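1. model the following, please.
(chains A and B)
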There are 2 protein chains.
Amino acid sequence: MASRPAIDWLPALVWARHYRLKDLRNDAIAAIVVAVMLIPQALGLALVAGVPAQAGLYAAMSGLTIYALFGSSRCLSVGPVAVLSLMTAAALSRLPLGTSAEYAAAALTLSFITGAILLLAGFFRLGFVANFIPRPVLVAFVTASAILIALSQMDLLFNVPVSGSNALAMFASLIANLTGAHLPTLALGLTAIAFLVICKLRLARLFLRMGFRRGAARSLSRAGPIALAALAILLSWQFNLEEVGVEVLGEIPSGLPAFTLPDFSPALLGSLFLSALPLAVVCYVESISVAQALAVRRRQTISPNQELTGLGAANLVTSFSGGMPVAGGFSRSLVNFEAGAATPAAGFYAAVIIALVVLFLTPVLYWLPRVCLAAVILVAVYALLDFSIFAKSWRHSRSDFFAVAITLIVTLTVGAEAGIGAGVLTAVLMHLYKTSRPHVAIVGRVPGTEHFRNVRHYQVETSDKILSVRIDEALYFPNTRYLESLLFRLVAERPGLKHVVLMCPAVNDIDLSALETLENINDVLADSGISLHLSEVKVPIMNILKGTRFFTRLSGRTYLSQNQAFEDLRGD
Amino acid sequence: MASRPAIDWLPALVWARHYRLKDLRNDAIAAIVVAVMLIPQALGLALVAGVPAQAGLYAAMSGLTIYALFGSSRCLSVGPVAVLSLMTAAALSRLPLGTSAEYAAAALTLSFITGAILLLAGFFRLGFVANFIPRPVLVAFVTASAILIALSQMDLLFNVPVSGSNALAMFASLIANLTGAHLPTLALGLTAIAFLVICKLRLARLFLRMGFRRGAARSLSRAGPIALAALAILLSWQFNLEEVGVEVLGEIPSGLPAFTLPDFSPALLGSLFLSALPLAVVCYVESISVAQALAVRRRQTISPNQELTGLGAANLVTSFSGGMPVAGGFSRSLVNFEAGAATPAAGFYAAVIIALVVLFLTPVLYWLPRVCLAAVILVAVYALLDFSIFAKSWRHSRSDFFAVAITLIVTLTVGAEAGIGAGVLTAVLMHLYKTSRPHVAIVGRVPGTEHFRNVRHYQVETSDKILSVRIDEALYFPNTRYLESLLFRLVAERPGLKHVVLMCPAVNDIDLSALETLENINDVLADSGISLHLSEVKVPIMNILKGTRFFTRLSGRTYLSQNQAFEDLRGD
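-> Numbers count the residues shown, from 1 in each chain, chains lettered A, B, ... in the order given. Below is the predicted model:
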């Protein structure tokens, strides 16, 4: 690591050198839009995670700043995100934590371990691991998480206790306690939701009609949540809603976050490590998906391993500044991108704006009704729901659908970590199962050509002496036995057979299990006076075969093309 | 199940109908050879498992009889086998079992659960699961198990206590206790080993020289262990070796096994279930490997799911007749095969011979020195060692070698169950990792032909406007992101590019993740004025693509051959 130039691990050195006034203007505008959107979300997500509200703001500040220095994406907006907040709450709820101070300290520990895992993964260049989470599984996971988050907000919306470790239990608990709902809170919450929905659907159009340009109208329409917060604070303060029983945010310490120390007790580190692992994976996968999608639109590139470093550093630092786990948020990054953020400095400016709020506006935030934050989160997670993935995956293949269904069901009934794990496992098992019964075609020559096609789909020339079999799969342990029995069955059905040709243009690998099986097939066929031949073996596979016992004992020949094999053996 | 004809699940009905006198003669000879070989082994393997010696004989009797009825292999000889005995001992040693009666009852429970799992797997036709254990992993597992078994026999050989849950600990414990070795026992044991080795290496040749025919000489040479037992019993009785401190087998109940009931306490069932699962897998995989290898030599077929039924029934019944877990043994089945067993009736006759021993010879077995049984086991497991798998797998590929090494190391240091699990997991992960970075070739046309080859290996025609990329792997979630960034990098390096052609003859699958990535690649390229084309897509893959959003939005065309694509686009 020491020998790498600073520029490699500090991408900020690249863009900072060419920073221009125009960039400053663009970045500043994007920063305002993002900060305005982020402040109510960060407060709400802190409540989702179960940590003090200010932890959300602190996490946003450190996340934005540190990622601006180390991240490789130009638009990713790092801070508290819904799925991580949910996973944080789930991880901490399993621990025997007495006071809320202990709980907040444990959240810092979780951030710390998550950051350390990400940094280590970056150091060991493990960025490729994210590729092992199939997109449909990720979509199903995010959808299920959104449902869980929505359910977790019901206690704020109805002001009743909602408990339970899975979706059904939470729903049942909500229904059971529904009679105790606090109507003023509920009314305020529903009004807030209606306000936010209208802002989301109509505000941009309204601003357009008022003569704003398209981009500006869009940016202004993001102000819905902050406008809601302002209005609600005014209302809450004016009519002292706290006395009516509407819960307000309450005391928030004023001033910048102090240096905090995560709880480093070995027992806590041990019990949180297994929770931090999926947290780190989800943090990375969600962030890189967003970063990649946005980079592609501007023809920029991002470095997976540098992303690990940026996200790791952000989580590590947030754990020392009273925050909570952070990642690149989807909607926020998109907003940053659309508002025209030119460099990661936009993130830093947004952090400065949040710092100003923390410095001067906490007395005002006291009056903010918590139910309004729940409304912000509910409207935000609604955008995460994507049920179309069911129909889509069903149409595509049963195995994709199965992975999607398992992910959703397990996430809802067991939890987020188990859900994503089960989804990946299902996808891997389905893949193994599919490749264990590969597509195999008996082929013949299309008359007048040199092309060989499946005898079932085409009128082709064949010979009773030659069995030509095209194998459409890598030959490796899950399918060797299947192929062996299939071949022996095909041979047994054909008396008078003299040659078996394995046509291998789609054989992408041959492992040792397969090689020994081929050796056995060759020997058994030779005993019956049948020669085994290969055709159209690719160069990398030929390199594997050369010099092996199988290849030296091969009873037949190796042909460059199936047509050569057919011509040569037919006359035999 | 009810609707299947009896003949489907009772293969005995098939061969019994055509049973001839010649079969009887062949089967009877094979039965004698197998029984003679099996009796000392079964006694020794019972001691390996830690159950009373007679349990080995009872298990052999019920295993042979029941498998003869339900099994689909004509030669498989079912009874106690080394690896299962080792796994049984390991599973039971983890339980808090006080008396040896409790221990024996728990072994019956283990047999019962193993049998039940196998029967269920047969019912649900899960025979294919065995394919997921790579051959090299199985070889490494058996080799490591043989080492563990050999170490477990050292306490009998030296007559000192040897303890420890892994190979190193056992070895250390042996060394530490070596000074307490009982020299008469050791001398007898070493003599026995020497006798067995000489029998194994020389006896067949001696009988040949004495004028016996080749087959007969070979069969007679299997009598080494039983001859050893006879001589040792004579010696032990004549000189009362028990008084010198040589441990003898001792009291064995006379008569056929009584009906025994496994211990069905829920706690025991629960704690043994997880041990029974790998036991069932190993039982099945070892048996089917042997059965398949022998069936191929005689052009017979075996049915994987019927094997599950046969092995399951054998284990279930053995649990009610005082036995221990059973499987098809490698060397015994080979001996059965070579001795000319014509039908599974040979197994039944062997069981009858063992029954005669149990009925009439137990007073004689009292005098058999235990160290002689250890000698039999040591010489038998020596044949299981196969270290050549290391060199073989190293030469073939790092991923095969890695799986082999992990299997051996984990089996020796943690245990048999963990070892085989770790081996399979490693093989799967290595496969996923390999396919996540697939082989991709930029191709051009070999002048004067219609063949397209890698530009790096061949002098080929290309065009600056066309990038032709051959992908040698299924497109699925582990490699979608990799391919996407690779393609974008290749495109970025080529200004003036107008067409990208993906050549797909080796693309064996496209999952939903890959489809969405392709859609994205298509859109991004289209934005830059570059068309995406496909060539040589196989029929099953074309069926997947048809009607998808990707296919309807595809900016380019689909060509049957790469040459057509090249000709068509070059003039563009």
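2. helices or strands up against the helix or strand containing residue A:411?
-> Under the criterion of DSSP states H and E, residue A:411 resides in helix A:398-413. When contacts are defined as 3 or more Cβ pairs under 8 Å, 6 or more residues apart in numbering or on different chains; DSSP states H and E, helix A:398-413 sits against helix A:135-152, helix A:167-177, helix A:388-396, helix A:416-436. Where you see a C-beta, it was placed from the backbone N, CA and C, and this is true even at glycine.
3. pick the most buried one from the ones you listed.
-> Mean neighbour count (mean count of other Cβ atoms under 10 Å in any protein chain shown) peaks for helix A:135-152 among the helices and strands packed on helix A:398-413, with a mean of 24.
4. now the helix holding residue A:411 against helix A:135-152, angle please.
-> Computed by axes from the mean of the first three to the mean of the last three Cα atoms, to 10 degrees, the angle separating helix A:398-413 from helix A:135-152 equals 20 degrees.
5. got the CA coordinates for helix A:398-413 in PDB?
-> Provided in PDB are the C-alpha atoms of helix A:398-413 (Å, rounded to 0.1, in the frame of the first residue of the first chain):
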ATOM      1  CA  ARG A 398     -38.200 -20.200 -12.600                       C
ATOM      2  CA  SER A 399     -34.900 -20.100 -11.000                       C
ATOM      3  CA  ASP A 400     -34.800 -16.200 -11.000                       C
ATOM      4  CA  PHE A 401     -38.300 -16.200  -9.700                       C
ATOM      5  CA  PHE A 402     -37.500 -18.700  -7.000                       C
ATOM      6  CA  ALA A 403     -34.500 -16.600  -5.800                       C
ATOM      7  CA  VAL A 404     -36.700 -13.500  -5.700                       C
ATOM      8  CA  ALA A 405     -39.500 -15.200  -3.800                       C
ATOM      9  CA  ILE A 406     -37.200 -16.700  -1.200                       C
ATOM     10  CA  THR A 407     -35.500 -13.300  -0.700                       C
ATOM     11  CA  LEU A 408     -38.800 -11.500  -0.100                       C
ATOM     12  CA  ILE A 409     -40.300 -14.200   2.100                       C
ATOM     13  CA  VAL A 410     -37.200 -14.700   4.300                       C
ATOM     14  CA  THR A 411     -36.600 -11.000   4.600                       C
ATOM     15  CA  LEU A 412     -40.100 -10.400   5.800                       C
ATOM     16  CA  THR A 413     -40.400 -13.500   8.000                       C
END
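6. contacts for that helix?
-> A:134, A:136-137, A:139-141, A:143-145, A:147-148, A:166-168, A:389-390, A:393-394, A:418-420, A:422-423, A:426-427, A:430-431, A:433-434, B:511-512 (Cβ atoms under 8 Å, 6 or more residues apart in numbering or on different chains).
7. would you confirm that residue A:350 contacts residue A:31?
-> Yes: with contacts counted by Cβ atoms under 8 Å, residue A:350 reaches residue A:31, the gap being 4.1 Å.
8. so which of the two has more stuff around it?
-> residue A:350 (32 against 25; other Cβ atoms under 10 Å in any protein chain shown).
9. host element of that one?
-> helix A:345-360.
10. how about that helix: buried residues?
-> A:345-351, A:353-355, A:358 (16 or more other Cβ atoms under 10 Å in any protein chain shown).
11. and the longest helix for chain A?
-> Secondary structure assigned by DSSP state H gives helix A:266-297 as the longest helix of chain A.
12. helices and strands around it, which ones?
-> helix A:82-93, helix A:100-123, helix A:135-152, helix A:304-319, strand A:327-328, helix A:330-338, helix A:416-436.
13. closest one to chain B among these?
-> helix A:135-152 (4.2 Å; Cβ to the nearest Cβ).
14. how far off centre is that closest one?
-> Between the centre of helix A:135-152 and the centre of its host chain there is 11 Å, according to Cα atoms, centre = their mean, to the nearest Å.
15. report the mean per-residue pLDDT for that helix.
-> Average pLDDT, helix A:135-152: 92.
16. next one: stretch A:278-295
-> Computed over stretch A:278-295, the mean pLDDT rounds to 89.
17. how about stretch A:494-512?
-> 92.
18. for residue B:24, see how far away the residue of the stretch 101-250 of chain A found nearest chain B is.
-> Per Cβ to the nearest Cβ, residue A:134 is where the stretch 101-250 of chain A lies closest to chain B, at 3.8 Å. Applying Cβ to Cβ, to the nearest Å, the value for residue A:134 to residue B:24 is 59 Å.
19. those two: which is more packed in?
-> The residue with more neighbours, out of residue A:134 and residue B:24, is residue A:134; 31 against 15, by other Cβ under 10 Å.
20. my read is that the more buried one contacts residue A:428, right?
-> No: at 9.2 Å, residue A:134 does not count as touching residue A:428 under the criterion of Cβ under 8 Å.
21. quickly list what's touching both of these two.
-> By Cβ under 8 Å, 6+ apart, no residue touches both residue A:134 and residue A:428.
22. all helices of the stretch 401-550 of chain A, in order?
-> A:416-436, A:477-492, A:512-527, A:539-545, A:549-553 (DSSP state H, counting those that start in this stretch).
23. would the third one count as contacting chain B?
-> Yes: against chain B, helix A:512-527 shows contacts by Cβ under 8 Å from any Cβ of the partner chain at A:512-513, A:515-517, A:520, A:524.
24. list the buried residues of the longest helix of chain A.
-> Within helix A:266-297, the residues scored as buried using 16+ other Cβ under 10 Å are A:268-269, A:271-272, A:275-276, A:278-292, A:294-296.
25. contact residues of the stretch 351-500 of chain A facing chain B?
-> Going by Cβ under 8 Å from any Cβ, the residues of the stretch 351-500 of chain A near chain B are A:392-393, A:396-397, A:399-400, A:427-428, A:431-439, A:454, A:457, A:472-474, A:476-482, A:485, A:488-489, A:492.
26. now do 6 Å
-> Listed as neighbours of chain B in the stretch 351-500 of chain A under the rule Cβ under 6 Å from any Cβ of the partner chain: A:393, A:396, A:400, A:436, A:439, A:472-473, A:477-478, A:481.
27. distance of the nearest residue in space to residue A:88 that is not next to it in sequence from residue A:416?
-> Nearest residue to residue A:88, sequence neighbours excluded (Cβ to Cβ, 6 or more residues apart in numbering or on different chains): residue A:49, at 4.3 Å. Applying Cβ to Cβ, the value for residue A:49 to residue A:416 is 12 Å.
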